[in-house]
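Trainee: Make a model of this:
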Amino acid sequence: MTAVAHIDTTIPTRVPDPETRNNWRVRLLARLLTKDKLTPSPEQLADYLPFLNQGDPLADAVVAMYHDMKPGEGRRLVDQALEHGLASLDNPPEPLRAFFAQVETVPIWLDRDKCNLACDVTRRTGWFAELSLRNVSLMGGYLAAAAAKPLVFTGQLDRMAPRRLVETGKFWVDVTTRDGMLRQNEGFKSAVRVRLMHAQVRLMLNKSGRWDAAAWGHPINQSDSMATILEFSSVFLFGLRAVGFRFTTEEREAVIHLWRYVGYLMGVDERILPASEADSLRALWLQYFTVAESDEDSRALGQALSNVPMQQAGDHPVKKVMARIETGYRSAFTRLVLGNGSGDALGLPKSPLWTAAVLATGPAIFSLETLRRRVPGATLAAVAAGRLLHEKMLPVAIKLEKADTSFTPVRQLSR
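Mentor: Okay, here's the model as predicted:
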């Protein structure tokens, strides 16, 4: 289990009054999603709130260690330990020993076959996987204003949005590649590197004097880190199901399982990591009861992400036309899945024409999915095609955007 430092029980002001979240619409949605009770009890909420004030002690100790060394030395030790094992270092510092002891301990619940099934499930959804990840998972995350603050503080939103998107895509492809989470493979290494990058950002924000902990909680705290795991798993699946994809219970549980392990490697406390689909729904509800409403930063992030196709098109006339089409479809998809209120909060364009186009996509995909399940070999063919799309095209995007796939954080805050 991840080590936990001294617990601050102060409740950040981002946490809304529970009564404002427990309305009839929320109860109806919960009833439609599952027969289980999702609305947290006062006791459950009280147990969960302290996670808003907790960071990642093991990763934070490694980053603190960097500052006692020559510039670049700490990162060099981490890279060597990642690539060649801790034993390749002569007398490694204690923070590094403790950190690698945790990430290299394989949890007793880990099922590698489930992880590989989750990778196949992800691959077979092709381009729509990226659509759901980008326009439901990431956009939905921006609606949680306090959780999105670190991104606002550490990047020029418009200019850096395409690069951030590619870097997120690289991490996602790494961890959703078959056997990618084995110790020697890129998924494992990417999860560890992103975890340490988060610790570096956390340190910068805490030292900046501009982070409002009383309002937002600890930067990149345990609760918000767990929410990120939900965005990549249950929210991701929800977006795909909304557009017509079909998943068996076994497939959905496998996706939750894979991201449980990713969360474990990224320092999320096992006490709040969902172990099943039902757990993930309850975790989403806990998160809903602890997040601040969207604000102008949410809108700025949403507009920056929405504008990526136009940025990438440049002045090329044909590419600009295609970018407008892509932007219209993506925005309509976000509005359909997350709701028009969310689309307005994110500053996304609204078009009945594109809404109709997205609605028409659902029956078409559902029909193809039904056919896939009945035709022998069709699922394997879909997985192979998706793998080609996801893994062969990514290097082109990395080169185009000059993305930093070593996951090194920015050196200074942007505001």
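Trainee: Now residue 362: which helix or strand?
Mentor: helix 352-374 (DSSP states H and E).
Trainee: show me what contacts the nearest residue to residue 240 once chain neighbours are set aside?
Mentor: Excluding its sequence neighbours, the residue lying closest to residue 240 (Cβ to Cβ, 6 or more residues apart in numbering) is residue 132, at 4.9 Å. C-betas here are computed from N, CA, C, even on glycine. Contacts for residue 132 (Cβ atoms under 8 Å, 6 or more residues apart in numbering) come out as 125, 236-237, 239-240, 243.
Trainee: try 6 Å
Mentor: Contact analysis of residue 132 by Cβ atoms under 6 Å, 6 or more residues apart in numbering lists 236, 239-240.
Trainee: how close does it get to residue 227?
Mentor: 16 Å (Cβ to Cβ, to the nearest Å).
Trainee: Please enumerate the strands of the stretch 101-250 of the chain.
Mentor: Taking DSSP state E, counting those that start in this stretch as the criterion, the stretch 101-250 of the chain carries no strands.
Trainee: Can you tell me the number of residues neighbouring residue 355?
Mentor: 18 (other Cβ atoms under 10 Å).
Trainee: Quickly find the element holding the closest residue to it other than its chain neighbours.
Mentor: Counting by Cβ to Cβ, 6+ apart, residue 355 lies nearest to residue 332, which is 4.7 Å off, once chain neighbours are set aside. Taking DSSP H and E as the definition, residue 332 sits inside helix 317-338.
Trainee: how far is that helix from where the chain is centred?
Mentor: 22 Å (Cα atoms, centre = their mean, to the nearest Å).
Trainee: Check which residues of that helix are buried.
Mentor: For helix 317-338, the neighbour count (16 or more other Cβ atoms under 10 Å) marks 323, 326-338 as buried.
Trainee: Same check on stretch 346-354?
Mentor: Buried, per 16+ other Cβ under 10 Å, within stretch 346-354: 346-348, 354.
Trainee: Okay, now the unreliable bits of the stretch 101-250 of the chain?
Mentor: 155-159 (pLDDT under 70).
Trainee: in it, which spans are helices?
Mentor: Assigned by DSSP state H, counting those that start in this stretch, the helices in the stretch 101-250 of the chain fall at 112-123, 127-132, 139-142, 145-153, 157-175, 186-208, 213-216, 222-232, 234-242, 249-265.
Trainee: Those helices: which one's closest to residue 292?
Mentor: Smallest distance to residue 292 across those (Cβ to Cβ): 4.5 Å, for helix 145-153.
Trainee: Residue 281 is nearest to which of the helices of the stretch 101-250 of the chain?
Mentor: Nearest of the helices of the stretch 101-250 of the chain to residue 281, taken as Cβ to Cβ: helix 234-242 at 6.8 Å.
Trainee: Who are the packing partners of that closest one?
Mentor: Where contact means 3 or more Cβ pairs under 6 Å, 6 or more residues apart in numbering; DSSP states H and E, helix 234-242 is packed against helix 127-132.
Trainee: List the buried residues in the helix it packs on.
Mentor: 128-132.
Trainee: so can I have JSON lines of these showing distance to residue 317?
Mentor: As requested, the buried residues of helix 127-132 are arranged in JSON lines below (distance: Cβ to Cβ, whole Å):
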{"residue": "128", "distance to residue 317": "28"}
{"residue": "129", "distance to residue 317": "30"}
{"residue": "130", "distance to residue 317": "25"}
{"residue": "131", "distance to residue 317": "25"}
{"residue": "132", "distance to residue 317": "30"}
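Trainee: Out of those residues, which is nearest to residue 115?
Mentor: Relative to residue 115, and with distances defined as Cβ to Cβ, the nearest of the buried residues of helix 127-132 is residue 129, at 16.4 Å.
Trainee: so how far is stretch 212-222 off the chain centroid?
Mentor: Its chain's average C-alpha position is 18 Å from that of stretch 212-222, according to Cα atoms, centre = their mean.
Trainee: ok, residues contacting it?
Mentor: Counting by Cβ under 6 Å, 6+ apart, 12-14, 51-55, 146, 149-150, 198, 202, 205, 211, 269 sit against stretch 212-222.
Trainee: again, but for stretch 298-317
Mentor: With Cβ under 6 Å, 6+ apart as the criterion, stretch 298-317 contacts 142-143, 145, 148, 157-158, 161-162, 319-320, 323, 326-327, 346-348.
Trainee: Go through the helix or strand in which residue 59 is found and flag the buried ones.
Mentor: Residue 59 is part of helix 57-66, with elements assigned from DSSP H and E. Going by neighbour count (16+ other Cβ under 10 Å), the buried part of helix 57-66 is 57-63, 65-66.
Trainee: any chance of the residues you listed in CSV, plus pLDDT and distance to residue 281?
Mentor: What follows is these, written out as CSV (pLDDT from 0 to 100; distance: Cβ to Cβ, whole Å):
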residue, pLDDT, distance to residue 281
57, 96, 29
58, 97, 29
59, 97, 28
60, 97, 30
61, 96, 34
62, 96, 33
63, 95, 33
65, 92, 38
66, 90, 39
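Trainee: quick one on the thing from earlier: and the helix holding residue 362, what does it pack against?
Mentor: Using 3+ Cβ pairs under 6 Å, 6+ apart, helix 352-374 sits against helix 317-338.
Trainee: for the helix it packs on, what is the average pLDDT?
Mentor: The average pLDDT within helix 317-338 is 93.
Trainee: ok, back up a step: with the contacts of stretch 298-317 in mind, which one is nearest to residue 386?
Mentor: Out of the contacts of stretch 298-317, the member with the shortest distance to residue 386 (by Cβ to Cβ) is residue 326, at 19.1 Å.
Trainee: what sits against that closest one?
Mentor: residue 309.
Trainee: for residue 348, same thing?
Mentor: Per Cβ under 6 Å, 6+ apart, neighbours of residue 348: 306, 331, 334.
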